[in-house]
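fold the following, please.
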Amino acid sequence: MIKPLFSIFTILLVTPMIFASDFLVVEGRLTDSTGLVPVEGSSVSFELEIFSPGAEQCRLYKETHGPVNMAASNGYFSLRLGKGAVNIGTFANSMNNNVGTLTALTCSSGTTYAPAATASRRLRISYNAGSGLQTLQQLVDIGATQYANYAYSLQGKAASDFVSINPSTAVLTQANLESVFANQGNVDELLDLISGASTLYTQGLPSTAVNNNGQIISNLGNPTNPTDATHKQYVDQNLAGRPADSTTLSSLSVGDFGDVLTWNGTQWTALPPVASDPSKLPLSGGTMSGPLDMGGANISNAATVQVNGGLTVGTGIDSFGAIEIKNSNELQFSDGDSSNFVGFVAPAIVISDVVWVLPDSDGTSGQVLQTNGSGVLSWVTASGAPAADSLDFSHFADVMTLDASTDISVTGTNFFSISNTGSGPSFVVKDQAGDTTPFVISDIGSVGIGTANPTTKMDIHGTLKIANSGEPCSIAGDGGMVRYDA
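As a prediction, the model looks like this:
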């Protein structure tokens with residue numbers, strides 16, 4: 001039986017905490033136990049496993065290579081650990097001492113492994129040259145070199161995680177970095193600048209009030225936007241964006257008390273106050289002691305003008321509101337020389353408000369104003385005066401009330417006539433109680449006493465009393481007469 005002998009010629013690029021490359025080169029020679037007969041074959045497979053270094057001997061990683069053609073190789077091989085077909089774990093974690101605790105492992109004892117900061121690893125090699133998998137009994141220690149020609153990472157950190165010194169195009173040097181971070185105060189101030197909490201510098205876009213600690217902000221330009229800050233010279237020489245007479249304004253003193261700031265068309269300046277005119281009312285109001293002469297101008301945009309005495313207007317009053325004359329005072333219209341007037345006055349007591357709406361045009365000659373009962377007036381033609389010895393009922397509405405005893409006298413051959421052109425009674429007399437049994441002359445001439453609807457020429461509902469006239473009932477020609485002879 002051939003007993004293989006394995007020699008590791010080269011193991012490269014391993015650091016105490018992390019591998020420096022993404023693979024390790026494993027080279028060696030397989031021979032029999034004499035070391036004279038090499039293992040050769042056209043199809044040799046390899047299995048590489050990484051274990052923890054202690055007694056727990058946890059398998060951290062496993063990969064396979066091949067088949068490899070080792071014919072005429074004299075037993076020599078070269079494999080890249082980390083580039084084979086992975087069966088268990090990852091090569092990076094298996095070689096990283098900063099990975100933390102690895103779990104669910106196959107170990108001699110336990111199932112977890114937490115590498116120490118300087119822990120090494122152990123490599124086990126197995127191969128199959130056609131007669132089954134052969135495992136070399138001795139495990140090869142994988143130690144750490146103190147340097148690497150080219151490192152992909154450092155303790156798990158990639159190159160992008162580090163600051164690169166670049167003195168050729170920048171001032172990022174080790175000396176400058178150490179100067180900036182020379183003490184904790186510098187670090188704190190840098191952090192305050194980043195967070196916006198610095199008390200030494202002002203933010204470009206501050207979100208809170210800026211305290212200048214009583215210091216002057218100098219060398220400002222003239223403002224152009226509404227929210228721009230400005231400087232003393234601009235303020236002294238301008239007011240509301242317009243130039244000011246700074247010479248006059250700056251020379252004001254106690255003796256100029258009451259001077260008025262005024263615009264002269266070119267600049268703002270100060271002038272002595274205009275003396276008040278006792279004959280005129282101030283803008284804030286006052287009491288007139290004499291007539292108000294508007295000089296032909298209008299009083300406009302007034303809410304209420306209250307006059308306690310009379311109001312005399314020469315040309316007219318234009319009002320967009322009601323004109324009220326209080327306390328039953330008169331509205332007077334004077335004649336040409338103001339010697340006499342005509343007017344209107346409200347009664348002492350008005351039951352309810354009423355406004356009469358005038359017609360929109362003039363009436364014709366002889367027409368009179370008539371109300372519709374709702375305050376609207378219109379022109380109507382008045383009926384003519386009744387003729388002599390006649391009574392015109394056209395202006396009576398339903399009821400005529402006599403305020404004194406009135407006689408109707410008919411003389412000569414004249415007569416009192418009622419013509420009925422309708423279908424109701426021609427004449428109705430009611431008593432004071434207004435009962436329903438009046439004296440009625442119907443539309444067909446029937447007379448009803450005690451009934452409103454006579455059915456015969458004389459229809460009496462009640463007692464008929466005939467007085468004794470002393471005339472006998474047997475006088476010739478008295479047929480049809482009704483007499484009472486006691």
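
could you dump the top helix by length along the chain to CSV, C-alpha only?
The helix that spans the most residues within the chain, counting by DSSP state H, is helix 184-195. Extracted C-alpha coordinates of helix 184-195, given in CSV (Å, rounded to 0.1, in the frame of the first residue of the first chain):
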residue,chain,number,x,y,z
GLN,A,184,-11.1,66.9,22.0
GLY,A,185,-12.1,70.6,21.7
ASN,A,186,-11.4,70.6,17.9
VAL,A,187,-13.4,67.4,17.5
ASP,A,188,-16.4,68.8,19.4
GLU,A,189,-16.3,72.0,17.4
LEU,A,190,-16.2,70.1,14.1
LEU,A,191,-19.2,68.0,15.3
ASP,A,192,-21.0,71.3,16.3
LEU,A,193,-20.4,72.7,12.8
ILE,A,194,-21.9,69.5,11.2
SER,A,195,-25.0,69.6,13.5
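
run the chain-centre distance for the following helix or strand past it.
Next in sequence after helix 184-195, counting helices and strands by DSSP states H and E, comes helix 232-237. The chain centre lies 40 Å from the centre of helix 232-237; the measure is CA atoms, centre = their mean, to the nearest Å.

coming back round to it: contacts for the longest helix of the chain?
For helix 184-195, the surrounding residues in contact (CB atoms under 8 Å, 6 or more residues apart in numbering) are 180, 181, 198, 199, 200, 201. Where you see a C-beta, it was placed from the backbone N, CA and C, and this is true even at glycine.

let me know the average pLDDT across that helix.
Averaged over helix 184-195, pLDDT sits at 89.

among the contacts of helix 184-195, which two are most distant?
Greatest spacing in these, by CB to CB: 181 and 199 (20.1 Å).

what's the closest of the contacts of helix 184-195 to residue 223?
residue 201 (24.0 Å).

in contact with the closest one, which residues?
residue 193.

let's see it at 10 Å
189, 192, 193 (CB atoms under 10 Å, 6 or more residues apart in numbering).

looking at these, which is nearest residue 44?
Nearest to residue 44, judged by CB to CB, of the contacts of residue 201 is residue 193 at 64.3 Å.

number of nearby residues for that closest one?
Around residue 193 sit 13 other residues, with neighbours defined as other CB atoms under 10 Å.

equivalent analysis for residue 214, please.
5.

next one: residue 288
By other CB under 10 Å, 12 other residues sit near residue 288.

the helix or strand containing residue 79 pairs with which strands?
Taking DSSP H and E as the criterion, residue 79 maps to strand 76-81. In the sheet, strand 76-81 lines up against strand 24-31 (antiparallel) (DSSP bridges).

restrict the partner strand to CA atoms and write it as CSV.
The C-alpha trace of strand 24-31 is given here as CSV (Å, rounded to 0.1, in the frame of the first residue of the first chain):
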residue,chain,number,x,y,z
LEU,A,24,-4.2,31.1,-0.4
VAL,A,25,-1.7,29.2,-2.6
VAL,A,26,-1.3,25.6,-1.4
GLU,A,27,1.6,23.7,-3.0
GLY,A,28,3.1,20.3,-2.2
ARG,A,29,4.1,16.9,-3.4
LEU,A,30,2.4,13.5,-2.9
THR,A,31,4.6,10.4,-2.5
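
looking at it now, give me its mean pLDDT.
The predicted model assigns strand 24-31 a mean pLDDT of 87.

now the next helix or strand after it against strand 24-31, angle please.
Later in the chain than strand 24-31, the nearest helix or strand by DSSP H and E is strand 44-51. For strand 44-51 against strand 24-31, the angle by axes from the mean of the first three to the mean of the last three CA atoms, to 10 degrees is 130 degrees.

which SSE is immediately downstream of strand 44-51?
With DSSP H and E, the next secondary element past strand 44-51 is strand 59-68.

quick one: list the elements packing against that following strand.
The contact analysis (3 or more CB pairs under 10 Å, 6 or more residues apart in numbering; DSSP states H and E) places strand 59-68 against strand 44-51, strand 76-81, strand 85-88, helix 91-94, strand 121-128.

again, 7 Å this time
Judged by 3 or more CB pairs under 7 Å, 6 or more residues apart in numbering; DSSP states H and E, strand 59-68 is in contact with strand 44-51, strand 85-88, helix 91-94.

buried deepest among the ones you listed, which one?
Of the helices and strands packed on strand 59-68, the one with the most neighbours on average (mean count of other CB atoms under 10 Å) is strand 44-51, at a mean of 22.

just the C-alpha atoms of it, please, in CSV.
Extracted in CSV, the C-alpha atoms of strand 44-51 (Å, rounded to 0.1, in the frame of the first residue of the first chain):
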residue,chain,number,x,y,z
VAL,A,44,-6.9,13.4,-9.1
SER,A,45,-9.5,15.2,-6.9
PHE,A,46,-8.7,17.2,-3.8
GLU,A,47,-10.7,18.2,-0.7
LEU,A,48,-9.4,21.1,1.4
GLU,A,49,-10.9,21.8,4.9
ILE,A,50,-10.1,24.6,7.4
PHE,A,51,-10.4,23.9,11.1
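
quick one on the thing from earlier: buried sites along the longest helix of the chain?
Using 16 or more other CB atoms under 10 Å as the test for burial, helix 184-195 gives residue 189.

and what of stretch 94-103?
Neighbour-count burial for stretch 94-103 flags 94, 95, 96, 97, 99, 102 (criterion: 16+ other CB under 10 Å).

end to end on that stretch, go ahead and measure it.
12 Å (CA to CA, to the nearest Å).
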